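Participant: Here is my input, please return the structure:
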Amino acid sequence: MNIEGLLLDLLRIPSSMGEENEKITFLEKYLSDYSPQIEKVSDSTANIWCRSEGEGPHIVFCAHMDTVPPAPGWINPHSPLLDGDNIIALGSADMQAGLALSIELFKHYSDLGANLTLLLTCDEEGWCRGINHALNRIEGDLCFIPEPSSEAPVLKAPGRSLYEVTITARGGHATEPGTSALVEASNLILNLEKLEVDGSLAILSLHSDSLGLTHPQEAKLILDRHHYNESDNIKETLISLSDSISITDYERPTPSPKPYSTPETDLVKKFLSYCTKEQETTTSVGDFNFVATKMPTVILGPEGGNWHAPGEWVSRSSIDRVSQIYVEFLNEILSV
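Facilitator: Now for the predicted structure:
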């Protein structure tokens, strides 16, 4: 398997969320011996499917092709730099290493007659449009998603909710004492910082307009909420902090990802027996939240850091160790 060679090729191809067509073209050619199916998701992007119908449990490898756009501070984000054990490039950890790993494992074990599906998705870093487009046809006994996990298996993830919070105030002439919705919103944000919540709470944006010399009468903020419980009472909590706010669900193009915990089936337990680290729980959301509604889903990927930031890196030796875990598991269940 040529995991590192493929990874370096992938890192050289820009593929910001929703703009994956160049990478799709490359991978369609790379996988040409495995009859790739291009599943159009929008005019600018698509998913890629490959299927190997064989004996044994049906194993799915799912990986997203996209990255976030380069953050300010990146220098040559698409020119991978080898720095000792690390490969530095945009998307190296999240999740081009897992993408290369999934592809090479699929190719190797397809050639051995395994029962496999490879699903390469788009827009995971955006609204997960790719995986939601694929949910009606994805099936299997176990899905692996090699997102970066520092070699620890992950069977549990939070859900995510987005809210639009509107803050109102009396206003008044800007040169006179008055009540500003922007000040009220700032006070609310300071109170939010003091809240002890399950999961996380983050302000993604704050916006207010005022025409002329007037204290703003309305301000809006977008609130991101990651939570591990299916029922979340954050709306009630926020309303209790102020009588000048209203909260609505932020309108998004795909369903909100739900929290999940993968059941430890016999197949999952067998895989865990090959893992070298204890289970962990991820703090974020992704394609795995949606796949987990269809089948047991396990995240296991290499060590990396600086995700979504300049200097993102992935460990080469960690990629090798994670690959070996998958190989040992697949060799056993396929008796090869």
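
Participant: Over to the residue positioned nearest the centre of the chain: give its phi and psi.
Facilitator: Centroid-nearest residue in the chain, with CA atoms, centre = their mean: Gly286, separated by 3.2 Å. Reported as degrees, to the nearest 10, the phi and psi values for Gly286 are phi -180, psi -160.

Participant: list the contacts for it?
Facilitator: If a contact means CB atoms under 8 Å, 6 or more residues apart in numbering, then Gly286 has His64, Glu124, Cys128, Ile145, Glu147, Ala157, Pro257 as its contacts. The way it works is simple: take the backbone N, C-alpha and C, and place the C-beta from them, glycine included.

Participant: how near is the third one to Ala134?
Facilitator: Relative to Ala134, Cys128 is positioned 10 Å away (criterion: CB to CB, to the nearest Å).

Participant: residues shared between the contacts of the two?
Facilitator: Common neighbours of Cys128 and Ala134 are listed as Thr121 (criterion: CB under 8 Å, 6+ apart).

Participant: Now tabulate the contacts of Gly286 in JSON lines and tack on secondary structure.
Facilitator: Output for the contacts of Gly286, formatted as JSON lines (DSSP: H, G, I helix; E, B strand; the rest coil):
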{"residue": "His64", "secondary structure": "strand"}
{"residue": "Glu124", "secondary structure": "coil"}
{"residue": "Cys128", "secondary structure": "coil"}
{"residue": "Ile145", "secondary structure": "strand"}
{"residue": "Glu147", "secondary structure": "coil"}
{"residue": "Ala157", "secondary structure": "strand"}
{"residue": "Pro257", "secondary structure": "coil"}
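
Participant: What is the least confident helix or strand in the protein?
Facilitator: Ranking every helix and strand in the chain by mean pLDDT, DSSP states H and E puts helix 234-241 at the bottom, with a mean of 83.

Participant: quick check, distance from the very next helix or strand once past that one to the centre of its chain.
Facilitator: Next helix or strand after helix 234-241 toward the C-terminus (DSSP states H and E): strand 245-249. Relative to the centre of its chain, strand 245-249 is centred 26 Å away, using CA atoms, centre = their mean, to the nearest Å.
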